[in-house]
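> quick one, structure for this:
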Amino acid sequence: MPRDPSARSSYSQGSMSTTSSRSSHRSRDVESARYSRRDSRRSRSTGADYSRSHVSEASSVIDPNMPKWWNDRKKASMRRQGDDDRRRMRRSTSHGRSTSRGGASRSREGASRSRSSRVGRRSMSSSSAKRHSRKPNGIDHAVGAFQVYHDDDRQKDSSSYDERRKRKSHKKINTSSSISHIHDERIQKHITADEELRGRKLTDLMDRGTLAVGACLILVVILAITIPVVLISEDEPYVAALPPDPPTTSPTFVRQPDYWPIYDRLVEIAGGEMVLNDPNTAQNRALNWLVYEDGMELGPSKDHLHQRFVLMVIYFISGPWTPVEGTLEWGSPVHECEWEGVVCKNVEELETELKGRVDELLESGEDNGVKIDVPQRVINELHLRQRLVSGEVPAEFSLLYYLQHLDLENNQLVGALPTPLYKLLNLKTLFVEQNQLTNVDAIGEYKFLEHLALSKNAFRGPLPDGFSNLKNLKTLYLHTNAWTGKVFEVIKDFKAMELLDIAFNEFEGTFPSELGEMSNLTSFFVGNNRFSGKIPEEIGKCKNLKELQVDGLYDVGGKIPTVLGQLTNLEFLKLDTCSFTGVLPKQLGNLEKLTFLDVSSNSLTGEIPTELGQLTNIATLGLANNGFQGTVPTELGNLVMLEKLYLQNTDLSGTMPQEVCSLRQAEGTLLQDLQVPCFVECDMDTCCTTCS
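Presented below is the predicted three-dimensional model:
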């Protein structure tokens, strides 16, 4: 049945209206996608709502009057476009996330601009479509009802969209306010925590366990430091501080005005300008020390400036020295008379000792006329024993021409005594033993010398020619060298001699009778040389003799002089390892002060004198290695102070007297060593110690 033409016309008009509506919808869809991309940069949630509104809007353009295939194709097309829009929104979300977290006012303003822009563009699009449409007015009028209906739907969707945007913006404002509130609460909690901690001690914030662990760790650290320090301080000796180092090349200007006046006063005794200006000399170092480093800060007019300068020159030549505990070392900021080893006297006291020779003293000096000023307190003695003074003996000692005692024993001095040193005309004591000196040829210059010690050096050959000039000598130590010659021909006129120790050399000759003229002699040590002959009877005149040692002299023999029994002050008598013969003099029993008697290793015979029982102070009695016969005298039991008794290797026999054994058995006795010949019967458990 043919269709009604009016219906066909109506269909055609509807079709045209549908086509126009489809074109208008596509335009709106493009605009919606553009707005959707812009809004996605502002807010992710707003973009999602707009996407849903777009889908709803797309579904509203589906014409129920069109065929199903057309609507299906339209749905598929819109679905693909929606998927593309969602992908673009997801890509822009990460970029616009910071923008979407903006303030509530900015979100509201952006949403308002978006809506007004979208509405304006829709109206412009609609009017533009009307102006450029090729449809007749009738057609436009024919579809008016549909378009009004569709516009109403769009207005409803737009209103719902605006409401959703407002709700989301309000939610963001609430979220931002909530975040601000949380931030404020954290700040308030931090302030509250600071207020709670303010005024509280560290111990209030720690538990007891933590405090205990910390205290234990501190205690361990203290013990680890203290114990090694205590051990080191017990093992190592005290070492006093060394004197100050030489001054630097850039001294302070405080003492600069005194430099040249002091220089002028010292230049002559220092040896001239070349010596004093040379920074490598001890004189230059001493000058700079006096001006810039000395705590005393002496001026050029001080009377002991010369004396202090000479001491520091000596120190810089042979120092630094081994310090002495508890003393003021050289260089200390006190008067030099207070330094370790320095002994001074007032000039008046020295004048009394010199018995009017003070004028001679003041006029003395070096050969070139150089002498230092004599201060009120002059150095009388210098004791530098065991201070490791090294090198050659400083000639500057001679500048202290009023010096009377110089002790340099046990140091590291080498070479010869310098010639200027012999100008110490007032020197009374010179101790230089235990060094490595080799020459004292001009020793005779010390015409006032009273005490001389040259032992344990490297001297060889005969004594110097001028040695015989030392007639004022009271003590002479020459032992343990390699001296040769006939020493007694040099010293036989030393009437003032009190102590003579010439042992362990290679001296030769005989003992002169002049020994008896040494009436002041107290100690006489001549062993281990090459002497020969006998001990002269004149030795009995030495009534003050306390120590006599004539041992290790294989060519000295004969009978032991009985006059030795007259030396009642004798305390030490050593006559072993010689060639003495005959009997042991019974007069030795008169030596009540004797504590040591040794006549071992000789050729003595006869019986042991019973008078030896009178030596009640004897501690060591050596009679071994002789030809003594008979029995052991019971009188030896009176020797209550006896500690050692040597009778071995003799021809003694019989039984050891009980009186002697009691010296070993009684409580509190001192006898510890009792050696006898094996022919003597003696209990080795309770009395004798060994037999041979």
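
> tell me who's in contact with Asp278.
Asn284 (Cβ atoms under 8 Å, 6 or more residues apart in numbering). To be clear about C-beta, it is placed using only N, CA and C from the backbone, and glycine gets the same treatment.

> state which strand of this protein is the longest.
strand 377-383 (DSSP state E).

> now do the helix or strand just after that one: which elements does it pack against?
Per DSSP states H and E, the first helix or strand lying C-terminal to strand 377-383 is strand 390-392. With contacts defined as 3 or more Cβ pairs under 8 Å, 6 or more residues apart in numbering; DSSP states H and E, the packing partners of strand 390-392 are helix 305-318, strand 412-416.

> buried ones in the last one?
Taking 16 or more other Cβ atoms under 10 Å as the neighbour-count basis, strand 412-416 is seen to contain the buried residues Leu413.

> can we start the residue count at 14 from this point?
Sure thing, new numbering starts at 14, so read that last one as strand 425-429.

> so for that strand, what's the average pLDDT?
In this model, strand 425-429 has a mean pLDDT of 93.

> who are the packing partners of the next helix or strand after that strand?
Counting by DSSP H and E, the next helix or strand C-terminal to strand 425-429 is strand 442-444. Under the contact criterion of 3+ Cβ pairs under 8 Å, 6+ apart, strand 442-444 touches strand 418-420, strand 464-466.

> partner strands of the last one and their direction?
With DSSP bridges as the test, strand 464-466 is paired with strand 442-444 (parallel), strand 488-490 (parallel).

> any chance of CSV for the ones you listed, columns mean pLDDT and mean neighbour count?
CSV is the format used below for the strands paired with strand 464-466 (pLDDT from 0 to 100; neighbours: other Cβ atoms under 10 Å):
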stretch, mean pLDDT, mean neighbour count
strand 442-444, 95, 21
strand 488-490, 97, 21
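
> to Gly540, which of those strands lies closest?
strand 488-490 (14.1 Å; Cβ to Cβ).

> immediately after that closest one, which helix or strand?
strand 495-498.

> what pairs with that following strand, parallel or antiparallel?
Its sheet considered, strand 495-498 pairs with strand 473-474 (parallel), strand 519-523 (parallel) by DSSP bridges.

> give me the mean pLDDT for it.
Strand 495-498 shows a mean pLDDT of 96.

> list the buried ones in that strand?
In strand 495-498, counting by 16+ other Cβ under 10 Å, buried: 496-497.

> pull the CA atoms of that strand into PDB?
Output of strand 495-498 as PDB, limited to C-alpha atoms (Å, rounded to 0.1, in the frame of the first residue of the first chain):
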ATOM      1  CA  ALA A 495     147.500   2.600  82.300                       C
ATOM      2  CA  TRP A 496     150.000   4.700  84.000                       C
ATOM      3  CA  THR A 497     153.600   3.500  84.100                       C
ATOM      4  CA  GLY A 498     156.900   4.400  85.600                       C
END
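
> just to revisit the earlier point, single out the most deeply packed of the helices and strands packed on strand 442-444.
Highest mean neighbour count among the helices and strands packed on strand 442-444 (mean count of other Cβ atoms under 10 Å): strand 464-466, with a mean of 21.

> can you list contacts of stretch 232-239?
Outside stretch 232-239, not one residue touches it by Cβ under 8 Å, 6+ apart.

> quick one: closest of the strands paired with strand 464-466 to Gly681.
strand 488-490 (39.2 Å).

> what comes into contact with the closest one?
446, 463-468, 504, 507, 510-515.

> now for those, which pair is the farthest apart?
Maximum pairwise distance among the contacts of strand 488-490 (Cβ to Cβ): 18.7 Å, between Glu446 and Phe507.

> make JSON lines out of the helices and strands packed on strand 442-444 and add distance to Thr590 and mean pLDDT.
As requested, the helices and strands packed on strand 442-444 are exported to JSON lines (distance: least, Cβ to Cβ, whole Å; pLDDT from 0 to 100):
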{"stretch": "strand 418-420", "distance to Thr590": "33", "mean pLDDT": "95"}
{"stretch": "strand 464-466", "distance to Thr590": "26", "mean pLDDT": "96"}
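
> need these in TSV with distance to Gln661, can you?
Formatted as TSV, the helices and strands packed on strand 442-444 follow (distance: least, Cβ to Cβ, whole Å):
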stretch	distance to Gln661
strand 418-420	43
strand 464-466	38
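
> out of these, flag the one nearest Tyr659.
Here strand 464-466 is closest among the helices and strands packed on strand 442-444 (Cβ to Cβ), at 32.7 Å.

> now do the strands in the stretch 564-705 of the chain.
568-572, 585-587, 592-596, 609-611, 616-620, 633-635, 640-644, 657-659, 664-668, 686-689, 693-694, 703-704 (DSSP state E, counting those that start in this stretch).

> so what strands line up beside the fifth one?
Sheet partners assigned to strand 616-620 using DSSP bridges are listed as strand 592-596 (parallel), strand 640-644 (parallel).

> quick one: average pLDDT of it?
If you average the pLDDT values across strand 616-620, you get 96.
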